[in-house]
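Visitor: need the 3D shape of this:
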Amino acid sequence: MKSTGNQEPRDDNEGFDRRTVLKYGAAFAGTMVLNQLAASNSNAMNLKRLDATGKYHILGCNAMTSTEGYWDNSTKPVLTMNSGDIVEIETNTHLKGKMIPGAEIEDWMGWYKEVIAKTPDTSFYPDEKTGVQAAKKGAGHHTLTGPISIQGAEPGDMLQIEILDIVPGNYGFNLNPETSFVKLGLLPEDFPKGRLTWYRVDTKKMKFEFLPGIEIPVRPFPGIIGVELPDKGMWSNVPPGKHGGNMDNKELVAGSVLYLPVHVPGAGLKTGDAHYAQGDGEVNLNALEGMFKSMTLRITVRKDLKGLVQEPFASTPTHWIAMGFHTDMLESTKMAVRNAIKFLNKRYGMNDLDCYAFCSMAVDLRVTQVVDLAKGIHAMIPKEYFVGEQFAKKTTLLL
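Guide: The predicted structure follows:
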C-alpha cells in the first residue's frame, strides 16, 4: 500500500484490518462501506418522509440511492423536491464505496473490469457539439448519488444550483492506470506503470501532505454534477457535455452557482466524483478524490433564462464562467469563447465586436480537464471590471 507523510491513512472503522477487507473481496468492502453509510445516515427515503417542512432534505448515499457509472433517464428518482428547496447530499467513493484506504491499483483495475462487464450496453452519448461518437465502452468508475427530481422542471428550463457547503472526507486517493489495462491520462506513453496513492486529509486546516515538506490546499468540489440526457439509453458518465456531468471544473466550490439546462421532466440531478484538490487539466486522470460527508445545494428552476444561457454556465463571487467541451481542445476553446460572447452580449448589451475584444483583453481561458474524452475549457469573465452604476444589478452572484 502506498502512503505519504508520517502516518498511514486509515478509515473510520478502528479495529478493521484493511487488508482483511480486501482479502474477502470487493463485495465485502462495498457492503461494509454501504452499511456504515446506511447506519450513520439512515435511508434517504425515510429521511424525506420525516422532513416536516419540505424545505430541507437529506439524501444519504447507499445502494438504493446511487448509480454506478452511467446516466439513464428511465431511472426512478430517489428524491423529489420543490424548486427552491435545499438538499444535503452524501456522496460515496468510486466503485460503490470500494475505494477505501488499503485498495491498490490492482484492486481498482479488477473492480473496474467488473463494472464494465456489468454494463455492456453503456455507450458514449453521441453529440455533434462535443464531437463525441457513439461507442460502447462500458460505464465509468464514478458512483453518483441520485437522481433527484425537481418539481416543475421541464425541458428548456435552467436549473440554478447554489453550492452552499461541502464537507470532504478524511482521506483521498490519486491514480493513473496501467496502460496494459487502459490508456488514459494525458501521458500514458510516458507512464505505462499504474500507481494508486492514498493521502490523509486535514479537514480542519483544509490541506494534505503530498510528500514530506509539501502541502497542497484542499478546495473540494463535485467532479460530476449533472442532469439526465434527453435520449433513452445507458450513457457513460465519463464525457461531460450539455448535461454538465463530468466537468471536473475546480471553480465549483462552496459559494459558487452552477446553471444547467433541463432535458427531461424533473431534470434528474445526480452528483458524485468528490474532488478535494485539482490543478488545471487534471493531467494524470484523477484529482485527489474521495467522498463528501455532505454537499449542501439549493436547487431552483429558472424559466426566465432561456434567452441568456443555454449551456452549462457558472458564477462565483468574482467571475462569470462560460464553458466548452469537445474532443478537440481547439473546438472546446472556441465553444467557451462563443458562449462568453453570447453572454456578454445579452447580459451587458455589448455588440459582438466589443464582446470579442473584451474576451481578448480581459477574459482568462482556463484548461478545465484534458482527460475526460470531451476536453474542457472555461472562460473566466471578471465581474470587477463592470464598475458602472448601470451594471450594478447585472453583476451579481445569481443571474
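Visitor: quick one: the helices in the stretch 1-150 of the chain?
Guide: Counting by DSSP state H, counting those that start in this stretch, the segments of the stretch 1-150 of the chain that form helices are 18-23, 25-41, 44-50, 94-97, 105-118.
Visitor: so residue 238 sits in a helix?
Guide: No - remark: residue 238 does not belong to a helix; assigned using DSSP: H, G, I helix; E, B strand; the rest coil, it is coil.
Visitor: test my guess that it contacts residue 248.
Guide: No - with contact defined as C-beta atoms under 8 Å, residue 238 does not count as touching residue 248 (10.7 Å). Any C-beta I mention is one placed from the backbone N, CA and C, and that applies to glycine too.
Visitor: mind listing the shared neighbours of those two?
Guide: Common neighbours of residue 238 and residue 248, using C-beta atoms under 8 Å, 6 or more residues apart in numbering, are residue 372.
Visitor: ok, and the closest non-adjacent residue to residue 134?
Guide: Once flanking residues are discounted, residue 134 sits nearest to residue 126: 4.0 Å by C-beta to C-beta, 6 or more residues apart in numbering.
Visitor: what about that neighbour, distance to residue 263?
Guide: In this view, residue 126 and residue 263 are 15 Å apart by C-beta to C-beta, to the nearest Å.
Visitor: ok, the two, which is more surrounded?
Guide: When neighbours are counted by other C-beta atoms under 10 Å, residue 263 comes out ahead of the other of residue 126 and residue 263, with 21 against 13.
Visitor: confirm that that one sits in a strand.
Guide: No - the assignment for residue 263 (three-state DSSP) gives coil, which keeps it out of a strand.
Visitor: next, the contact list for it, please.
Guide: For residue 263, the residues meeting the contact criterion (C-beta under 8 Å, 6+ apart) are 73, 155, 227-230, 242-243.
Visitor: ok, 10 Å please
Guide: With contacts taken as C-beta atoms under 10 Å, 6 or more residues apart in numbering, residue 263 has the following neighbours: 73, 153-157, 226-231, 242-243.
Visitor: and the residue most central in space within the chain, what does it touch?
Guide: Taking C-alpha atoms, centre = their mean, the centroid of the chain lies closest to residue 224, which sits 1.8 Å from it. Taking C-beta under 10 Å, 6+ apart as the definition of contact, the neighbours of residue 224 are 71, 91, 140, 142-145, 237-238, 240, 244-248, 270-275, 372.
Visitor: swap in residue 337?
Guide: Contacts here follow C-beta under 10 Å, 6+ apart; on that basis residue 337 touches 322, 324, 355-356, 359-360, 363, 365, 377, 379.
Visitor: what do you get for residue 304?
Guide: By C-beta under 10 Å, 6+ apart, the contact set of residue 304 is 157-158, 399.
Visitor: do residue 315 as well
Guide: Counting by C-beta under 10 Å, 6+ apart, residue 315 makes contact with 160, 162, 251, 255-259, 321, 381, 383, 396-399.
Visitor: so how far is residue 331 from it?
Guide: If you measure residue 315 against residue 331 using C-beta to C-beta, the figure is 24 Å.
Visitor: can you classify residue 163 by secondary structure?
Guide: strand.
Visitor: still on that earlier bit, and the contacts of residue 263, which of them are buried?
Guide: For these, a neighbour count by 16 or more other C-beta atoms under 10 Å gives the buried set as 73, 153, 157, 226-229, 242-243.
Visitor: before we move on, the earlier item: which of the contacts of residue 224 fall within strands?
Guide: Secondary structure defined by DSSP state E assigns 71, 143-145, 244-245, 270-275 of the contacts of residue 224 to strands.
Visitor: need those residues in CSV with distance to residue 347, neighbour count and pLDDT, can you?
Guide: Written out in CSV, the entries for the ones in strands among the contacts of residue 224 read as follows (distance: C-beta to C-beta, whole Å; neighbours: other C-beta atoms under 10 Å; pLDDT from 0 to 100):
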residue, distance to residue 347, neighbour count, pLDDT
71, 30, 28, 97
143, 37, 29, 96
144, 32, 28, 98
145, 32, 28, 98
244, 20, 29, 98
245, 25, 32, 98
270, 29, 32, 99
271, 27, 28, 99
272, 31, 31, 98
273, 30, 28, 98
274, 32, 29, 99
275, 29, 27, 99
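Visitor: turn the residues you listed into a markdown table, columns for distance to residue 56.
Guide: Output for those, formatted as a markdown table (distance: C-beta to C-beta, whole Å):
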| residue | distance to residue 56 |
| --- | --- |
| 71 | 27 |
| 143 | 24 |
| 144 | 22 |
| 145 | 16 |
| 244 | 24 |
| 245 | 26 |
| 270 | 20 |
| 271 | 17 |
| 272 | 21 |
| 273 | 24 |
| 274 | 21 |
| 275 | 25 |
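Visitor: returning to what we had before: which one of the buried ones among the contacts of residue 263 is nearest residue 86?
Guide: Top of the list for closeness to residue 86, among the buried ones among the contacts of residue 263 and by C-beta to C-beta, is residue 153 at 16.0 Å.
Visitor: run through the stretch 1-150 of the chain and note the low-pLDDT ranges.
Guide: Scanning the stretch 1-150 of the chain for pLDDT under 70 picks out 1-54.
Visitor: what do you get for the stretch 151-300 of the chain?
Guide: Within the stretch 151-300 of the chain, no stretch has pLDDT under 70.
Visitor: in the stretch 251-399 of the chain, which spans are strands?
Guide: Per DSSP state E, counting those that start in this stretch, the stretch 251-399 of the chain has strands spanning 257-261, 267-277, 288-290, 292-302, 313-315, 319-326, 364-369, 375-382. These are given in chain order.
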